[in-house]
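Participant: coordinates only, sequence not included:
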């Protein structure tokens, strides 16, 4: 009988679940809405109830060996708790491990959602099972997960992999973290919108300026216009990819991973994005790194979280048993 794991991707609007085997085959996946009302008090009961319903349908319930989860917020992976997940309205520490293990009597493991997505891409996606992979997610903010020598890098206080807060422009835009010039202020969705607004005000005749008069400019509009060869939009793309290349080169020189994988909503711009980053990236990195580290697009999309959570459960169980 094959072993299975439940992977959970806990998001601010949706909770995704997957029933996944040892080889990364998704046997079943489902989702529920995230109910963050009343300080998110219903989130954990909803997760437990949803799993219970699917376990009742599964004739081989004993084949499910562990549960893994990727969650926003600050994670204590030893205690299995989450705190500071403000998009879930969790203002106090949440005892996920205690509650879920009590409900199902099988081991539970949790880590930061970006770290878990990195595990997913490393296991079944663009990482091709390499032991040295960095995953960067470009969305509303910029997050990331670092896998070095086969292990996630957490750091002494769990802040390893805060890629969005690399300083790429000293004295630049003010970031939500309190510093100035973080990569997130330039290359996140909000950063791109800000730069697009600035450039469209300087170039009144471009399609970008005309689009700005009709609607709020977002990253998709910028990249669509850039692909159509609009000069203003191309200026925006050139600026953000310059800084992305600068930030990613720091990671590359420090870690020399086999792949730096780029995911998140902005990565849907595809090879157009990668090609523009690669205009600058080779010039910023150490020569040996230039030859051995490459940029890739993520492959798993919305499945990265559940696959990574299942892998987290798989390796967590192996460690618990002393097999690794």
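Facilitator: Sure, I can see it. Only a predicted model underlies this, so the values are computations on that prediction, with no experimental measurement involved. Residues are numbered from 1 along each chain as shown.

Participant: now residue 247: how far from residue 183?
Facilitator: 4 Å (CB to CB, to the nearest Å). No exception for glycine: its C-beta is placed from N, CA and C like everyone else's.

Participant: neighbour count: those two, which is higher?
Facilitator: Taking other CB atoms under 10 Å, residue 247 and residue 183 do not tie; residue 183 has more neighbours (30 against 27).

Participant: relative to residue 237, how far out is that one?
Facilitator: Relative to residue 237, and taking CB to CB, residue 183 is found at 16 Å.

Participant: before we move on, the earlier item: overlap in contacts of residue 247 and residue 183?
Facilitator: 163, 166, 168 (CB atoms under 8 Å, 6 or more residues apart in numbering).

Participant: surely the last one and residue 180 touch.
Facilitator: Okay, so that is residue 168. No: using CB atoms under 8 Å as the test, residue 168 is too far from residue 180 to be in contact (10.6 Å).

Participant: of those two, who's got more company?
Facilitator: residue 168 (21 against 14).

Participant: tell me which element the spatially most central residue of the chain falls in.
Facilitator: Centroid-nearest residue in the chain: residue 114, 3.6 Å away (criterion: CA atoms, centre = their mean). According to DSSP states H and E, residue 114 maps onto helix 113-124.

Participant: and residue 82, by the same measure?
Facilitator: Counting by DSSP H and E, residue 82 is part of strand 81-83.

Participant: quick one: mean pLDDT for the lengthiest helix in the chain?
Facilitator: Taking DSSP state H as the criterion, the chain has its longest helix at helix 231-255. The average pLDDT for helix 231-255 rounds to 97.

Participant: which parts of the stretch 201-324 of the chain are helices?
Facilitator: Counting by DSSP state H, counting those that start in this stretch, the stretch 201-324 of the chain has helices at residues 207-214, 219-227, 231-255, 271-277, 281-284, 287-292, 304-320.

Participant: how distant is the fourth one from the center of its chain?
Facilitator: Spelled out, that is helix 271-277. Counting by CA atoms, centre = their mean, to the nearest Å, helix 271-277 is centred 19 Å from the centre of its parent chain.

Participant: please apply the same query to the second one.
Facilitator: On the basis of CA atoms, centre = their mean, helix 219-227 is displaced by 22 Å from the centre of the chain it belongs to.

Participant: show me which residues of that helix are buried.
Facilitator: 219, 221-226 (16 or more other CB atoms under 10 Å).

Participant: do the same with the fourth one
Facilitator: By neighbour count with 16+ other CB under 10 Å, helix 271-277 contains the buried residues 273-274, 276-277.

Participant: can you list the residues that contact the helix or strand containing residue 199?
Facilitator: Using DSSP H and E, residue 199 falls within helix 189-202. Under the contact criterion CB under 8 Å, 6+ apart, helix 189-202 has outside partners 138-141, 173, 184-186, 206, 208-209, 211-212, 216-219, 221-222, 232-233, 235-236, 239-240, 265-266.

Participant: swap the cut-off to 7 Å and go again
Facilitator: Applying CB atoms under 7 Å, 6 or more residues apart in numbering, the contact partners of helix 189-202 are 139-140, 184-186, 206, 208-209, 212, 217-219, 222, 232, 235-236, 239-240, 265-266.
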